[in-house]
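A.B. asks: sequence unknown, structure follows:
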């Protein structure tokens, strides 16, 4: 009887979650279908910053940012140039900036081609990894601010995935661009870092407002959700979110951006203090958060569900 009750509760939460996301979609139309190279609106044009999702490669999301008061346009982590140029042409925008979070080719592959094609374009990237950012002009790092027209981005050093990774937060636009540090229901692999480093990076994002939209760089949400419910099976909010995600993906709809508040509640990589997650990875009350995080990351690396 208890299992049936939990299932019913999860179903009801799924309906509620879908309704909440539907209301959110009215304000932030992020769930329209999008195939490779087809740019779609990811925030309302009446906001302080218009954000356009540009699918690239197999599962990357490139983000076009347009600040309407100044008319400036930037692109975040251009994996390749052609879909970016197509999205710009469709909207009649010129490109002023490339903003990179880290050096991986699927985030910088379009840098030099775009710089060649758009006169006066500046490439902004991590100071800590400037030598590996193609064409970099402006170097930024932890605590810096970068001005984009009327908007100011705050910069966080968020190493772990790579040693020089950074994240950009636009407080007035309620927009976070974490590259591969934070995913919807996941986080990046630790290619050039360790659990203490990555947990310290993610911890910098925990004080940010819950209504912040997280524009991560990959469509990994459905596979992340399968792991999340495996390691956090008693989280009804997570179960409901997975149901909504599965429904969206079955229709070819993107799941990004996500709400940071949803990540706080359901992303296991942001919740190493949760007793259920600790039990799932064999940790006790005295285990440091960074060690619990590391065990969760290791479990995800070996997960085949």
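C.D. replies: Cool, the structure landed. Keep in mind that this is a model prediction, so the values were computed, not measured.
A.B. asks: residues in contact with stretch 136-156?
C.D. replies: 48-49, 65, 67, 69-72, 74, 97, 99-100, 122-128, 130, 157, 166-173, 201, 204-205 (Cβ atoms under 8 Å, 6 or more residues apart in numbering). Quick note: C-beta positions are derived from backbone N, CA and C, even for glycine.
A.B. asks: what about residue 243, which SS state?
C.D. replies: helix (DSSP: H, G, I helix; E, B strand; the rest coil).
A.B. asks: no, scratch that, I was asking about residue 161
C.D. replies: Residue 161 - assigned by three-state DSSP - is coil.
A.B. asks: run a quick neighbour tally on it.
C.D. replies: Using other Cβ atoms under 10 Å, residue 161 is surrounded by 25 other residues.
A.B. asks: tell me who's in contact with it.
C.D. replies: 102, 179-181, 187-193, 198.
A.B. asks: out of those, which is nearest to residue 109?
C.D. replies: Nearest to residue 109 among the contacts of residue 161 is residue 102, at 12.5 Å by Cβ to Cβ.
A.B. asks: and for that closest one, the neighbour number?
C.D. replies: Around residue 102 there are 29 residues (other Cβ under 10 Å).
A.B. asks: distance of it from residue 284?
C.D. replies: 34 Å (Cβ to Cβ, to the nearest Å).
A.B. asks: quick one: which of the contacts of stretch 136-156 sit in strands?
C.D. replies: Of these, the ones assigned to strands by DSSP state E are 65, 67, 72, 74, 97, 99, 122-126, 157, 166-170.
A.B. asks: looking at this, residue 292 is in a helix?
C.D. replies: Yes: using three-state DSSP, the secondary structure at residue 292 is a helix.
A.B. asks: hmm, back to that, of the contacts of stretch 136-156, keep whichever come out buried.
C.D. replies: 48-49, 65, 67, 72, 74, 97, 99-100, 123-128, 130, 157, 166-170, 173, 201, 205 (16 or more other Cβ atoms under 10 Å).
A.B. asks: the stretch 151-300 of the chain: strands as residue ranges?
C.D. replies: For the stretch 151-300 of the chain, the strands defined by DSSP state E, counting those that start in this stretch cover 151-157, 166-170, 175-177, 182-183, 186-187, 213-214, 258-259.
A.B. asks: which other residues reach the fifth one?
C.D. replies: Contacting residues not belonging to strand 186-187 are listed as 160-161, 181, 198, 202, 220-221, 224, 227-228, 267, 269, 297, 300 [Cβ under 8 Å, 6+ apart].
A.B. asks: state the mean pLDDT of it.
C.D. replies: In this model, strand 186-187 has a mean pLDDT of 98.
A.B. asks: the fourth one now?
C.D. replies: For strand 182-183, mean pLDDT rounds to 98.
A.B. asks: any chance of the strands of the stretch 151-300 of the chain in a markdown table, plus distance to residue 304?
C.D. replies: Conversion of these to a markdown table gives the following (distance: least, Cβ to Cβ, whole Å):
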| stretch | distance to residue 304 |
| --- | --- |
| strand 151-157 | 33 |
| strand 166-170 | 30 |
| strand 175-177 | 30 |
| strand 182-183 | 18 |
| strand 186-187 | 16 |
| strand 213-214 | 26 |
| strand 258-259 | 24 |
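A.B. asks: residue 83 is nearest to which of the ones you listed?
C.D. replies: Residue 83 sits nearest to strand 175-177 of all the strands of the stretch 151-300 of the chain, at 17.6 Å, using Cβ to Cβ.
A.B. asks: in its sheet, what does that closest one sit against?
C.D. replies: If you go by DSSP bridges, strand 175-177 pairs up with strand 166-170 (antiparallel), strand 213-214 (parallel).
A.B. asks: among the contacts of residue 161, name the buried ones.
C.D. replies: 102, 179-181, 187-188, 190, 192-193, 198.
A.B. asks: which residues of the stretch 101-250 of the chain score low on pLDDT?
C.D. replies: Counting by pLDDT under 70, the stretch 101-250 of the chain contains no low-confidence residues.
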